[in-house]
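Enquirer: sequence unknown, structure follows:
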DNA sequence: GTCTATAATACGATAGAC
DNA sequence: GTCTATCGTATTATAGAC
């Protein structure tokens, strides 16, 4: 419950999502969060790896809560998914195309080299995909189709964030939102 | 046309796609490619950044050629796109989920911090998306819809590679291939 | 629990011999 | 053109005072 511990994690999330895992140094995290190096190793004895896992878990919960919130606020599942993606586009744009979630960065950098981080990322993705899949089942899709559709939604979401940041333009995210909507609507394209 | 220069670029592509940009050291590239440090700075006076740009441009051409090849071999555009994605899934699996393209890694790590790399990634994505869009127009889709669909295809492709590597399972790529196919077929879902 | 100083190592880049 | 030795500065991690 320590507030300094939370500050360190929060700063880590911000820096990793902007720069990536390996480009973000412990010294930079310490400088920006105002914590000394001793505190970091007191709260995270395993060092950078443990801190990164904490950052992934924190983001995992935050995003999952965000998804649930939109899904509860908007009754129609298809409209809810559309609104979530557009909300994401607005957030990415508002950050000046610097934000896009720390999980994807670590998933790419550490998927092949760090098993612990890979599993943490995998679990986060699983949680988010399940949130979409559950809502799709509520909307009348069968279990298998909901699983398949939620995979497309999550994948295109992650990919569109990368495209939008590279182009510094929200168009890819908006286009994905529109095409997903078309795919989900009864009657189809 | 130097063969050593090509070796350096090829090794850079392999290492960056496995570990990312910042995690890949110049010394590691040199050791694996068998080149000495002097050669690297002779061929790439601007150092790591110039080398990374060369790696992106090389991958850009290779993938574009791969897309064109599948699109030429398979007459039906929708079937061709499906086959390209499944081919990608096979390649990712064959690499032991270590490969997935060096561009995405750099796009994420450098989008906010290195303008030169960001632009190189943006151009690569543009080239690939245009290849898909052109084929969709051939298949009868209007220009605007082809643009929007190709954005979804490229985004979901990139995202599904990340998901598949995190899970060490090609399912996400296969599910994306199937859902894209459903979306494209006349009559729809 | 909190903090500083420092160790051990790797990084990218450069200088200069050949 | 090719190569090696080395510089200066990062990095993660630790030891030990308070």
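Expert: Cool, the structure landed. It should be emphasised that the depicted structure is a prediction, and the values quoted were computed from it without experimental measurement.
Enquirer: Any residues of chain A in contact with DNA strand C? List them.
Expert: For chain A, the residues in contact with DNA strand C (CB under 7 Å from any atom of the strand) are A:2, A:4, A:35, A:36, A:37, A:38, A:39, A:41, A:42. Quick note: C-beta positions are derived from backbone N, CA and C, even for glycine.
Enquirer: Would you show me how to pick out the buried ones of these in ChimeraX?
Expert: Applying 16 or more other CB atoms under 10 Å in any protein chain shown to those leaves a buried subset, and the ChimeraX line that selects it is:
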select /A:35,39
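Enquirer: what's around residue A:182, how many residues?
Expert: Residues lying near residue A:182 (other CB atoms under 10 Å in any protein chain shown) number 18.
Enquirer: Flag every buried residue along stretch A:75-94.
Expert: Neighbour-count burial for stretch A:75-94 flags A:77-78, A:80-86, A:88-89, A:91-92 (criterion: 16+ other CB under 10 Å).
Enquirer: quick check: mean pLDDT across that stretch?
Expert: Stretch A:75-94 shows a mean pLDDT of 98.
Enquirer: List the contacts of that stretch.
Expert: Stretch A:75-94 is contacted from outside by A:66-67, A:70-71, A:73-74, A:99-100, A:132, A:135-136, A:138-139, A:153, A:157, A:160-161, A:164-165, A:170, A:173-174, A:176-177, A:180-181, A:184-185, using CB atoms under 8 Å, 6 or more residues apart in numbering or on different chains.
Enquirer: so how far is that stretch from its chain's centroid?
Expert: Stretch A:75-94 sits 13 Å away from the centroid of its parent chain (CA atoms, centre = their mean, to the nearest Å).
Enquirer: Next: stretch A:130-137.
Expert: Distance of stretch A:130-137 from the chain centroid (CA atoms, centre = their mean) equals 17 Å.
Enquirer: again with stretch A:158-167
Expert: On CA atoms, centre = their mean, the centre of stretch A:158-167 falls 13 Å from that of its chain.
Enquirer: And DNA strand D, is stretch A:88-106 touching that?
Expert: No - residues of stretch A:88-106 are not located near DNA strand D by CB under 7 Å from any atom of the strand, the shortest gap being 13.0 Å.
Enquirer: State the three-state secondary structure for residue A:99.
Expert: Under DSSP: H, G, I helix; E, B strand; the rest coil, residue A:99 falls in the coil class.
Enquirer: Now it. Nearest residue, chain neighbours left out?
Expert: residue A:17 (5.5 Å; CB to CB, 6 or more residues apart in numbering or on different chains).
Enquirer: Which strand or helix spans the one you found?
Expert: Assigned by DSSP states H and E, residue A:17 belongs to helix A:3-19.
Enquirer: Nearest to residue B:125, out of the residues of chain A next to DNA strand C: which one, please.
Expert: Proximity of the residues of chain A next to DNA strand C to residue B:125 (CB to CB) peaks at residue A:35, which lies at 37.9 Å.
Enquirer: That'll do, ta.
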